[in-house]
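[1] A structural model of the following input is requested.
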Amino acid sequence: MSEKELEKIEVKFEKLHAHRFIGIRNVDAKGYFHFWELQESIPGQDCHTVTGLLESIPSLHGQIGGWYFEGGKRGYLYGIEVPIDYSGEVPEGMECTTIQESEYIVFYYPPYVFEENNDAVMSTVNDLAWSWNPSDSGYEWNIENPIYQRSDPEKYGYAVCRPVRPLKK
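    Okay, here's the model as predicted:
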């Protein structure tokens, strides 16, 4: 990406209030595409079925992917964020987990043309999000909360939202 295009990336702090996550996780998945490859072999957990079921539930930010940590491993998750007081149905085979309020560092790129720029936008934002040193801002990564990946290229843009907490003094 050109220097001018790179200037469009915003790095900002955002507080995500406590909410619930409805979706599926796979601790063996390395990322989005690998996640769906693994899910294809699980009855009722293929991409088409899962995205269709989630589409029927009102969400806070649309469907999201992301990463989580479990037993020293990083896995991938896919689902939706719903209000903390959500009491509706949870589709079979999915979980409904409470996510505690946390500060997040959001690495954001504004709307763009998917066909022309998706690979460059995603790789540049991802590289920045995974190489960022939160201690430079007085924080450390909070691996208790998920890392969210929000993507709607032509309406929202692309963002990686990583949870942080203040450094212990």
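[2] Now do the strands in the protein.
    10-16, 19-26, 63-70, 73-83, 95-99, 102-109, 139-141, 147-152, 157-166 (DSSP state E).
[3] what angle do the longest helix along the chain and strand 157-166 make?
    Secondary structure of the chain per DSSP state H: the longest helix is helix 114-131. Counting by axes from the mean of the first three to the mean of the last three C-alpha atoms, to 10 degrees, helix 114-131 lies at 10 degrees to strand 157-166.
[4] Of all the residues in helix 114-131, which ones are buried?
    Within helix 114-131, the residues that count as buried by 16 or more other C-beta atoms under 10 Å are 117, 121-122, 124-125, 129. For glycine as for every other residue, the C-beta is placed from the backbone atoms N, C-alpha and C.
[5] Run through the bridge partners of residue 95.
    On the basis of DSSP bridges, residue 95 is bridged to residue 23.
[6] tell me, how many neighbours does it end up with?
    14 (other C-beta atoms under 10 Å).
[7] List the contacts of it.
    21-25 (C-beta atoms under 8 Å, 6 or more residues apart in numbering).
[8] Quick check: it vs residue 68, distance?
    11 Å (C-beta to C-beta, to the nearest Å).
[9] Distance of residue 95 relative to residue 120?
    34 Å.
[10] cool, and residue 37?
    24 Å.
[11] With residue 93 instead?
    35 Å.
[12] swap in residue 114?
    11 Å.
[13] And for residue 87?
    42 Å.
[14] And for residue 140?
    Taken as C-beta to C-beta, the span from residue 140 to residue 120 is 30 Å.
[15] Residues in a beta bridge with the most centrally placed residue in the chain, which ones?
    In the chain, the centroid-proximal residue (C-alpha atoms, centre = their mean) is residue 148; its distance is 1.7 Å. Counting by DSSP bridges, residue 148 forms beta bridges with residue 66, residue 161.
[16] Now do stretch 58-75: everything it contacts.
    19, 25-29, 32, 35, 51, 54-55, 76-83, 143, 146-152, 156, 161.
[17] Now it: buried residues?
    59, 61, 63-69, 75.
[18] what's the closest of the residues you listed to residue 10?
    residue 61 (16.6 Å; C-beta to C-beta).
[19] Nice, that's everything, thank you.
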